[in-house]
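A.B. asks: sequence first, predicted model second:
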Amino acid sequence: MPLRAILIAAALLLAACSRAPDAGVAQQITELHAQVDALQKAQAQAAQMQAPKAELGQQMLNLQIRHARLWAAGENQNWLLAQFQLAELNEALDDVVAENGDAAALQPQRLADVLPMMMKPAVSRLRDAIDNHDTQAFESAYDGLSAACSGCHRIADHGFLVIQRPKTPVLDNLKAVP
Ligand code: HEC
């Protein structure tokens, strides 16, 4: 029975009880109180349960797509799209910190410390290049970003995961040419 229905029933029973006290009713009220307590406890437990965290590998696939799309946008001098893709990439990086800040792969270092230190300077160089509509600066900052990605892979004993400039678009159904 939903909590509201139980509370209404309890109120009705209490009203009835005040008119004609009766052992049966008192018993029902006690049972209802017990049910309300149990429901409140279950609700509190449900509120404490958090959504399951995203896996690091899954979050990396997301980063890979953002990284590739950013290149396509910048190379086509589609600066608005590039700005958007960089913001999404930055958000995806923040999500990695939020959900996998203590990832085993980086231990004894904390991913939550290492990631911002390695990635944020590269992100801000890209932001400047995009703001200035500067293709050359964009390309150089982009290589810096890729090197930072690969750098973390090395620290995490995944040095075989080398990130580079994409040669072909992953998905070409998002128009990159402005
Ligand atoms: C804080 C360290 C760190 C940073 C920064 C980082 N990675 Fe990773 N990445 C990892 C780790 C650790 C793995 C291995 C994950 C696993 O075991 O599933 C990984 C795996 C990957 C994979 C392989 C995923 C797969 O399942 O095939 C790709 C692709 C990837 N990263 C892309 C990137 C890109 C692109 C960037 C930069 C924009 C980046 N990573 C930045 C730590 C990092």
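C.D. replies: Arrived safely, thanks for sending. Numbering: from 1, shown residues only.

A.B. asks: spell out the secondary structure type for the nearest residue to residue 164 once chain neighbours are set aside.
C.D. replies: If you skip the residues right next to it in sequence, residue 164 has residue 146 as its closest partner in space, 5.9 Å away by Cβ to Cβ, 6 or more residues apart in numbering. Every C-beta, even on glycine, is put in place using the N, C-alpha and C of the backbone. When states are read from DSSP: H, G, I helix; E, B strand; the rest coil, the local structure at residue 146 comes out as helix.

A.B. asks: can you count the residues close to residue 146?
C.D. replies: Using other Cβ atoms under 10 Å, residue 146 has 18 neighbouring residues.

A.B. asks: my guess is it contacts residue 166, does it?
C.D. replies: No: no contact is recorded between residue 146 and residue 166 when judged using Cβ atoms under 8 Å, the distance being 9.7 Å.

A.B. asks: which residues do the two both contact?
C.D. replies: Common contacts of residue 146 and residue 166 (Cβ atoms under 8 Å, 6 or more residues apart in numbering): residue 67.

A.B. asks: and the pLDDT at residue 112?
C.D. replies: The per-residue pLDDT reported for residue 112 equals 96.

A.B. asks: for it, give its distance to residue 141.
C.D. replies: Remark: distance between residue 112 and residue 141 (Cβ to Cβ, to the nearest Å) = 24 Å.
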